[in-house]
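# could you work out the structure for the sequence below:
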Amino acid sequence: MTGRLRWIALGAIVLVFAALYVHAIDAPRAVRFVPPRTAGPSSSTPLYNSQLIPNSTTASVHSATAVELADGTLRAFWYGGTREGASDVSIYTSTYSGGAWTQESALVGREDAQRQLHRYLRKLGNPVAGRDPRGRVWLFYVSVSVGGWAGSAINAMVSEDEGKTWSAPRRLISSPFFNISTLVKGPLVQLADGTVALPVYHEMIGKFGELLHLDADGRVIGKTRLSWGDTSLQPVIVPRSETDAVAFMRYAGPPPARVLVTRTGDAGAHWTAPEKTALPNPNSAVGGVLLAGGPVVLAFNDTEADRESLSLALSSDFGNSWRVARQLEGASVLPRAPVAEYSYPWIMQDRAGNVHVLYTWGRSRIKHVVFNRAWLEGAR
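As a prediction, the model looks like this:
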């Protein structure tokens, strides 16, 4: 066999195995979602507090995420450095208890991650924290070895002691083709069999969302497409029952710029084609949560052109219609805003029923607001 024929044969074998891999990993799953918690007692007295999380280490911070610990403490993570994409970016963490945040500390640095992953890393990016059905805390974060964010991969760490100690990071294998262009932003989704689903998105060639199915050890055992094309990214999955969920996505296409929505009725095996909601989206991330016994709440930039306004919208019909209930940042809150960007909201409800939103405040701090339904749904 000539050298050319050998290369052709080798290429054919690679394509066959890649096709088999893609077929296996894209097979629809039948694992049900963990149903949302039931409603507990809720105070009729409005509650609202806000504060900036300490940051004495870095000039720039972005992309906060958080998880509630077993004792009710909130642990937040974000990335910070001299600027987005800089080689000195690390993943930082802080805890919230008794109404105050601890001083931030570095959890993952580029050089440490590079040594543990045994590969060159150029920069670190978005983290996502979550708890699996076994009670373990997971942290996923983006890293890039070559190029920009389109060359990203996802790494996973797990803690069995509420974030005190962590396993060494492991790179997720989400694609047979160089395993690049997979990023995270949306929260982890618990599944009924003890595994989890991780919303991810791609930025190379197209922009689209996917849902990775991870086993109990954090290995990718399946994935499902949420969207196609080059205009949808950063999905946030909000389950309503064991089988029904809605996904909200950032929109990166031509006007009119709107938050995108897609739905599933078979536990994420299939999703409807994304549609535009009535809510504006200036090509920026959104955050969503279904409150216990209540509406869906979406945190979003309430404008088509910039990130200078951050609002909360409510939907009582699971994302079909919306009303803007509160503005967290913008002209109605402070006519002369001191910063020009409020972005990347992360929203969650704790077991006491209070709602927490963390977001980037001017790229220099992470801001935290906490409120209850009485404040959220009260008169403005």
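
# Arg373 against Ala292, yeah?
No. In terms of CB atoms under 8 Å, Arg373 does not count as a neighbour of Ala292; the distance is 9.3 Å. All C-beta atoms are positioned from the backbone trio N, CA, C, and that covers glycine.

# quick one: the helices in the stretch 51-200 of the chain, in order.
Along the stretch 51-200 of the chain, the segments classed as helices by DSSP state H, counting those that start in this stretch run 110-117.

# any weak-confidence spans in it?
Within the stretch 51-200 of the chain, the ranges that satisfy pLDDT under 70 run 177.

# measure stretch 268-276 end to end?
20 Å (CA to CA, to the nearest Å).

# ok, now stretch 127-146?
Stretch 127-146 has its terminal residues 19 Å apart, counting by CA to CA.

# next: stretch 65-74.
End to end - CA to CA - stretch 65-74 spans 10 Å.

# higher neighbour count, Arg373 and Ala292?
Set side by side, Arg373 and Ala292 show unequal neighbour counts under other CB atoms under 10 Å, the larger going to Arg373 at 24 against 15.

# the more buried one: what's its closest spatial neighbour, skipping adjacent residues?
The spatial neighbour of Arg373 that comes closest, neighbours along the chain excluded (CB to CB, 6 or more residues apart in numbering), is Ser42 at 5.5 Å.

# can I assume that neighbour sits in a helix?
No. With DSSP: H, G, I helix; E, B strand; the rest coil as the criterion, Ser42 is coil rather than part of a helix.

# that one - how many residues pack around it?
Using other CB under 10 Å, the number of residues around Ser42 comes to 16.

# quick one, what contacts it?
Neighbour list for Ser42: 353, 372-374 [criterion: CB atoms under 8 Å, 6 or more residues apart in numbering].

# same question, Val333
With contacts defined as CB under 8 Å, 6+ apart, the neighbours of Val333 are Gln327.

# how close does it get to Ala305?
For Val333, the distance to Ala305 under the criterion CB to CB, to the nearest Å works out to 18 Å.

# same thing with Ala325?
Per CB to CB, Ala325 is found 22 Å from Ala305.

# so for the two, which residue has more residues nearby?
Residue environment comparison for Ala325 versus Ala305 gives the larger neighbour count to Ala325, 17 against 12, counting by other CB under 10 Å.

# name the element Gly378 belongs to?
Under the criterion DSSP states H and E, no helix or strand holds Gly378.

# residues near the spatially closest residue to it that is not a sequence neighbour, how many?
For Gly378, the nearest residue in space outside its immediate sequence neighbours is Pro46; the separation is 5.4 Å by CB to CB, 6+ apart. Here the number of neighbours of Pro46 (other CB under 10 Å) works out to 14.

# in three-state terms, label Pro46 for me.
Assigned with three-state DSSP, Pro46 falls in the coil class.

# from the chain's centre, how far out does the helix or strand that contains His213 sit?
Here His213 is covered by strand 208-214, with elements defined by DSSP H and E. Averaging C-alpha positions (CA atoms, centre = their mean, to the nearest Å) puts strand 208-214 12 Å from its chain's average.
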